[in-house]
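Participant: Sequence and computational prediction follow.
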Amino acid sequence: MAQAAPKRPVHASESEQSPQAEVAPRSSARARREAALDETKRSFLRMASHELRTPLNSILGFSEIIASELYGPLGAPQYKEYAEIIRMSGARLLKLVNQVLEIARLEGRAMDIDLQQESIDHALDDVLDGLREEIAQARVAIDIENQGALPAVIADARGLRNILTNLIQNAVIFAPEGSDISIRAEAAGRHVEISITDHGPGVDPADIPRLLMPFEQGENALTRRSEGAGLGLPIVELLCLAMEGRLKLSSVAGQGLTAQVRLPAA
């Protein structure tokens with residue numbers, strides 16, 4: 001009967017090093033795949049941004065020229081009205097496209113965040129200048145506590161302005177005509193807390209988690225006052241997280257909604 005070939009002894013060093021030798025290449029391969037995926041996401045977002053925004057900007061520009069009758073009268077007055085409807089619809093669609101792309105960039109970690117010292121006063125000046133027409137149409141007033149002496153934060157310049165724009169727009173939508181929207185910013189240890197309060201109907205506290213989900217709103221879709229897609233607050237929350245901060249919402253039904261943003265102090 002033939003004898004079995006003797007088995008080669010396995011040294012302890014071989015058995016211990018083998019799993020470690022396999023882990024390193026796997027980790028490296030996984031990192032390469034993730035880097036390639038991130039670059040693919042960035043390329044897609046660049047393409048989508050260009051391909052969606054370019055025709056929309058053309059629609060907005062030419063419809064504004066037609067509505068203003070820049071090159072002469074259109075004839076029937078209905079044409080001017082229709083051109084204005086096209087312009088307003090295009091602007092609403094462009095805003096939605098921008099918000100969807102922003103959500104995709106933030107969730108896919110494809111957005112570049114440049115954290116540096118930012119003045120809340122300067123950021124508010126820029127934001128309120130851009131929202132002047134909306135605020136005037138809503139007939140509300142903006143009350144900024146200690147304006148001109150607000151603390152600075154560590155934040156991304158564009159991200160901070162995006163946060164303030166979305167929160168103030170939300171407050172303008174739900175604030176009653178003739179009321180004030182209160183804005184304050186104060187130091188809280190190593191952070192700064194920015195609070196924006198409207199004095200509108202408020203929301204049920206049980207509804208607050210749903211407000212932070214994309215495409216959700218606090219009111220029933222058939223009775224809501226806002227025509228937005230419900231992306232503003234989710235964008236604010238993701239931006240806060242990307243800037244090492246957080247968003248907190250609080251409300252009492254009938255007494256308005258307060259959005260509080262906490263960011264690192266400068």
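Facilitator: Thanks, I have the structure now.
Participant: Just the CA atoms of stretch 178-189, as PDB, please.
Facilitator: Extracted C-alpha coordinates of stretch 178-189, given in PDB (Å, rounded to 0.1, in the frame of the first residue of the first chain):
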ATOM      1  CA  GLY A 178     -47.500  92.200   8.400                       C
ATOM      2  CA  SER A 179     -45.500  90.100  10.900                       C
ATOM      3  CA  ASP A 180     -41.800  90.000  11.700                       C
ATOM      4  CA  ILE A 181     -39.300  87.300  11.000                       C
ATOM      5  CA  SER A 182     -36.800  87.200  13.900                       C
ATOM      6  CA  ILE A 183     -33.100  86.400  13.300                       C
ATOM      7  CA  ARG A 184     -30.500  86.100  16.000                       C
ATOM      8  CA  ALA A 185     -27.000  84.700  16.300                       C
ATOM      9  CA  GLU A 186     -25.200  84.200  19.600                       C
ATOM     10  CA  ALA A 187     -22.100  82.400  20.900                       C
ATOM     11  CA  ALA A 188     -22.700  79.100  22.700                       C
ATOM     12  CA  GLY A 189     -19.300  77.800  23.900                       C
END
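Participant: in whichever helix or strand residue 83 is part of, what counts as buried?
Facilitator: Here residue 83, judged by DSSP states H and E, is contained in helix 77-107. For helix 77-107, a neighbour-count test (16 or more other Cβ atoms under 10 Å) marks 80, 83, 86-87, 90, 94-96, 98-106 as buried. Where you see a C-beta, it was placed from the backbone N, CA and C, and this is true even at glycine.
Participant: and that helix, average pLDDT?
Facilitator: Throughout helix 77-107, pLDDT has a mean value of 86.
Participant: Pull out the buried positions in the following helix or strand past it.
Facilitator: Using DSSP H and E, the helix or strand that directly follows helix 77-107 along the chain is strand 115-119. Residues of strand 115-119 classed as buried by neighbour count (16+ other Cβ under 10 Å): 115, 118.
Participant: And strand 115-119, what does it pack against?
Facilitator: For strand 115-119, the contact count by 3 or more Cβ pairs under 8 Å, 6 or more residues apart in numbering; DSSP states H and E identifies strand 152-156, helix 157-174 as packing neighbours.
Participant: Okay, now the unreliable bits of the stretch 51-200 of the chain?
Facilitator: 108-110 (pLDDT under 70).
Participant: all strands for this structure, in order.
Facilitator: With DSSP state E as the criterion, the chain has strands at 115-119, 141-144, 152-156, 180-188, 191-197, 246-251, 257-264.
Participant: Just want the angle from the fourth one to strand 191-197.
Facilitator: Between strand 180-188 and strand 191-197, the angle formed by their directions is 170 degrees, by axes from the mean of the first three to the mean of the last three Cα atoms, to 10 degrees.
Participant: tell me what strand 180-188 is packed against?
Facilitator: Partner elements for strand 180-188 (3+ Cβ pairs under 8 Å, 6+ apart): strand 141-144, helix 157-174, strand 191-197.
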